[in-house]
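> structure, please.
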Amino acid sequence: MQAFALTEIGKVRKDNEDSYLVSVGRGLFSVADGMGGYAGGQVASSIAIRVLEQELPSQAVGADAPGNYGEALLAALQKANKIILAQGQKEEYLGMGTTVTTAQFADGRLWIAHIGDSRAYLCRAGHVRHLTQDHSLVNELVQQGELTLEEAQNHPRRHVLTRALGVNEQPEIDLMQLPVQEGDLLLLCTDGLYNQLKAGELEQILAQQEDSLQGKVQNLVNLALERGGHDNITAILVRYDCLDNSSLNNGAGKR
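Down below sits the predicted model:
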């Protein structure tokens, strides 16, 4: 398994409120996009990543009971939610919260826990599938047939979330699992990346056979920056290879 991650502040924001986790040895990857201004947003996303990093090694990887990976992801995110809620009582952190999209590879399967509008994509044999559902106002309007996808991209309330960690005591977190195949690519990213891409561009870049993981991620981020870089941009690209545990960059935290 190999992975490469990159985060950029963008060209408009003064601070980077995104956080991410890359742990190839544990098959664990996550992106989080904080909200509530620099102080709150950065703190909220960092808490989510820190709790995942601390909780999952003992609960999921190498656990005695197979198949508990999803439950471990949910438990870690629930714990992060409680910490964020508690911190959010402080005046300087009022209104803070964060999106989280987390992936766990284990036993030839992929578990994804997700809340907010960061995304997970799976690229298999050159075809890209959007795995997660945005928990946003505009996506609800699209699902109800009140907006087209094109209208949603430029809607003035496209950043309004309907779910996030740190908002209430019982967050509704999506959980899914699916089998993975040799050579699958998993992309986790914040909205600062995908909001700047046109239809088909993400698939075109990921499908380029000659590019390395680093090259693909750099191309995606560069394109988002060229389009204005209106938000923080974070992307993690993972290639699933059950015979290879090497990594291109392996770490956790804020970049």
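> what are the buried residues along the lengthiest strand in the chain?
Ranked by residue count under DSSP state E, the longest strand found in the chain is strand 97-106. Burial within strand 97-106, assessed by neighbour count using 16 or more other Cβ atoms under 10 Å, is assigned to 97-106. To be clear about C-beta, it is placed using only N, CA and C from the backbone, and glycine gets the same treatment.
> what of stretch 79-98?
Applying 16+ other Cβ under 10 Å to stretch 79-98 flags 79-81, 83-85, 87-88, 93, 96-98 as buried.
> shaky segments in the stretch 51-200 of the chain?
Confidence mapping of the stretch 51-200 of the chain against pLDDT under 70 gives the ranges 58-67, 139, 141-142, 144-158.
> run through the helices of the stretch 151-255 of the chain in chain order.
For the stretch 151-255 of the chain, applying DSSP state H, counting those that start in this stretch gives helices covering 191-194, 201-206, 213-226.
> now those helices in a markdown table, with mean neighbour count and distance to N68?
Listed next are these as a markdown table, based on neighbours: other Cβ atoms under 10 Å; distance: least, Cβ to Cβ, whole Å:
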| stretch | mean neighbour count | distance to N68 |
| --- | --- | --- |
| helix 191-194 | 26 | 31 |
| helix 201-206 | 18 | 31 |
| helix 213-226 | 18 | 29 |
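> nearest to T234, out of the ones you listed?
Among the helices of the stretch 151-255 of the chain, helix 191-194 comes nearest to T234, with 7.1 Å by Cβ to Cβ.
> related to what we said a few turns ago, so which of the buried residues of stretch 79-98 comes closest to V167?
When the buried residues of stretch 79-98 are compared against V167 (criterion: Cβ to Cβ), the nearest one is G97, at 5.2 Å.
> count of residues packed around the closest residue to T101 other than its chain neighbours?
Spatially, and ignoring its direct neighbours in sequence, T101 is nearest to S118 (4.2 Å; Cβ to Cβ, 6 or more residues apart in numbering). Around S118 there are 29 other residues, counting by other Cβ atoms under 10 Å.
> could you check how far S118 is from E182?
Distance, S118 to E182, by Cβ to Cβ, to the nearest Å: 26 Å.
> same thing with D191?
In terms of Cβ to Cβ, D191 sits 30 Å off from E182.
> same thing with V51?
Counting by Cβ to Cβ, the gap from V51 to E182 is 31 Å.
> same drill for those two, tell me which one is more crowded.
A direct count of neighbours by other Cβ under 10 Å for V51 and E182 places V51 higher, at 22 against 11.
> who's in contact with that one?
Counting by Cβ atoms under 8 Å, 6 or more residues apart in numbering, V51 touches 76-77, 79-80, 83.
> distance check, G27 against A80.
19 Å.
> my bad, Y240
26 Å.
> M35 too?
Relative to A80, M35 is positioned 14 Å away (Cβ to Cβ).
> before we move on, what about A39?
Distance from A39 to A80, by Cβ to Cβ: 18 Å.
> and if you look at R227?
Note on R227: its distance to A80, by Cβ to Cβ, is 31 Å.
> what does G25 give?
Taking Cβ to Cβ, one finds G25 at 21 Å from A80.
> please apply the same query to V217.
25 Å.
> do F29 as well
16 Å.
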